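In: Mind looking at a prediction? Sequence and model below.
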Amino acid sequence: MHPIMDYLLQSAELSIVEFNIHERNEMQTFNRTLPSYVMSYIKKGEAKLRIRDEVYPLAPGTVVIIPPHIEHDHYKETKDETIFLWCHFTYEIGSALDVMKIFNLPITFKLQNPEIFERVFVDFVEITDSQDFLIKTILKKAKSYEILYLLLENIMRSQEKVFEQDQSKGFISMLTQIVKNPEKEVSLKELSNQFHLHPTYISNRFKELFGKSPIQIQRELKIDRAKKLLRSTEMTVTEIAYEVGFTVVPGFTRLFKNYVGISPTQYRNMNTKWNSNISVVKQ
């Protein structure tokens, strides 16, 4: 793993939204679009995947990874039994950054050690059904990251040389710098001077690689940090504004409302009320 990527991977949170193991003789999923990544592994049998005008035949040992908001068809053309291990997941830093975008993800690829992946995935499914609190929380989280590790390990091993030659390493360095210090004001001019690249090129390349400009990512990181502080601390709105890098409170309040739809005070009150209701239910 590349050192410049370590901080991003450690800062991201993995959320497996849905998962299961299915045995199917028929499958006709067409024109589907999801807000999360789709991972589907073919253990037995065959299927097909269509994305845009490309059709991918899927054989045993094949992994499919479909990015969010990509329309696709996933279907079978025979009645033979096919076994799928699948999950829908996100791997993000707050709501600001989809960390999977730093990888040049193939749509399909073969696992080098499918038996290990199958065992870990089955363990994850079985752990989810456990009634033991420690197993269901800590071990489930560990297994979910092990699943992600096995997938990314295969991708990184196959793309090591390509990544070494790619200019995107410099942009990942810029991204890491922003993620580490979101409260520190950044401008395209400063990044241009630091990395000796044209500001417009930096902005456009960021959007190509990460889906957002450097300024947009930084602002969203600030808002994510502010939301967390509003939910979990008793800091005043003014203190939080300064904490996330604003010198004037109105500017913070305006940006917060633009992204969240309500003011920082309203957001805090709403979450305080929600947490109080949860406490009453538990009692």
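Out: Perfect, I can see it now. What you are looking at is a predicted structure, and each value in this text was computed from that prediction instead of being measured.

In: What's the separation between residue 16 and residue 9?
Out: Relative to residue 9, residue 16 is positioned 16 Å away (C-beta to C-beta, to the nearest Å). Yep, even glycine has a C-beta here, placed from its N, CA and C like the rest.

In: wait, residue 268
Out: 31 Å.

In: what bits of the protein have low per-residue confidence?
Out: Along the chain, segments meeting pLDDT under 70 span 1-3, 159-167, 273-283.

In: domain assignment for it?
Out: For the chain, automatic domain parsing gives the domain ranges 3-165, 169-276.

In: The ones you listed into JSON lines, with extra columns for mean neighbour count?
Out: Formatted as JSON lines, the domains of the chain follow (neighbours: other C-beta atoms under 10 Å):
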{"stretch": "domain 3-165", "mean neighbour count": "15"}
{"stretch": "domain 169-276", "mean neighbour count": "16"}
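
In: now the strands for the stretch 1-150 of the chain?
Out: For the stretch 1-150 of the chain, applying DSSP state E, counting those that start in this stretch gives strands covering 13-24, 28-32, 37-44, 47-51, 54-58, 62-66, 72-75, 82-93, 97-98, 108-110.

In: who does the last one pair up with?
Out: Its sheet considered, strand 108-110 pairs with strand 62-66 (antiparallel) by DSSP bridges.

In: before we move on, the earlier item: and the strands of the stretch 1-150 of the chain: which comes nearest residue 141?
Out: Closest approach to residue 141 among the strands of the stretch 1-150 of the chain (C-beta to C-beta): strand 13-24, 8.0 Å.

In: Can you give the contact residues for that closest one?
Out: 36, 76, 81-93, 121-122, 124-125, 128, 144-145, 147-148 (C-beta atoms under 8 Å, 6 or more residues apart in numbering).

In: Let's see that with 7 Å instead.
Out: 36, 76, 81-92, 125, 144-145, 148 (C-beta atoms under 7 Å, 6 or more residues apart in numbering).
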